[in-house]
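1. heads up, no residue letters with this:
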């Protein structure tokens, strides 16, 4: 239960194996109604409440814990602008390959993120505000990025110099690679 609470109500075989729970036990718990199946190898504790970040926690677990919520979706988590993405955006390591069912639900970006570019907001592992703003320049409409930059500055999440640099880079040509 503690593992599920720490992961937004979700567990995977890899998360519970270190505490001695075999994968077969998770499937038995589904048949007993203690867990529900939430996706390929991801289970949910129905007794725990859902929250606004469920889809982001589930996306990270779908990527075997290697995905970090980023780009458009990170703007939502950080509540920086009025964006409403239709898919969850994840950044995964460049060498990690995903071949799981459900990939059509996600927009996959590839980058090797440094630990300082990743934070946790509630149960969501997400890119930092500065990394998020950099990632969205050239991939999100400029007016939304401007709104996000202004919001971040108003909250004191970025410096005036960072705001100015990000705003200036809005007018530069950008080439972002996305797997879908």
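-> All right, it came through fine. What you see is a predicted model, and the numbers here were worked out from it, not measured in a lab.
2. distance check, the residue of the chain most remote from its centre against residue 44.
-> Centroid-distance maximum for the chain: residue 32 at 30.3 Å, with C-alpha atoms, centre = their mean. Per C-beta to C-beta, to the nearest Å, residue 32 is found 14 Å from residue 44. For the C-beta atoms, the positions are set from N, CA and C on the backbone; glycine is no exception.
3. just to revisit the earlier point, look up how far residue 4 lies from the residue farthest from the centre of the chain.
-> 15 Å.
4. the domain parsing of this structure - what is it?
-> 2-44, 64-179 (automatic domain parsing).
5. residues in contact with the residue nearest to residue 5 when sequence neighbours are not counted?
-> Once flanking residues are discounted, residue 5 sits nearest to residue 48: 6.7 Å by C-beta to C-beta, 6 or more residues apart in numbering. Neighbour list for residue 48: 4, 5, 9 [criterion: C-beta atoms under 8 Å, 6 or more residues apart in numbering].
6. lowest pLDDT pick from these?
-> Note: of those, the lowest pLDDT belongs to residue 5, at 82.
7. picking up where we left off before, out of the contacts of residue 48, which are inside helices?
-> Per DSSP state H, helices hold the following members of the contacts of residue 48: 4, 5.
8. now the contacts of residue 48: which count as buried?
-> Neighbour counting by 16 or more other C-beta atoms under 10 Å classes 4, 9 among the contacts of residue 48 as buried.
9. reformat the contacts of residue 48 as CSV; add distance to residue 154.
-> Formatted as CSV, these follow (distance: C-beta to C-beta, whole Å):
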residue, distance to residue 154
4, 36
5, 33
9, 32
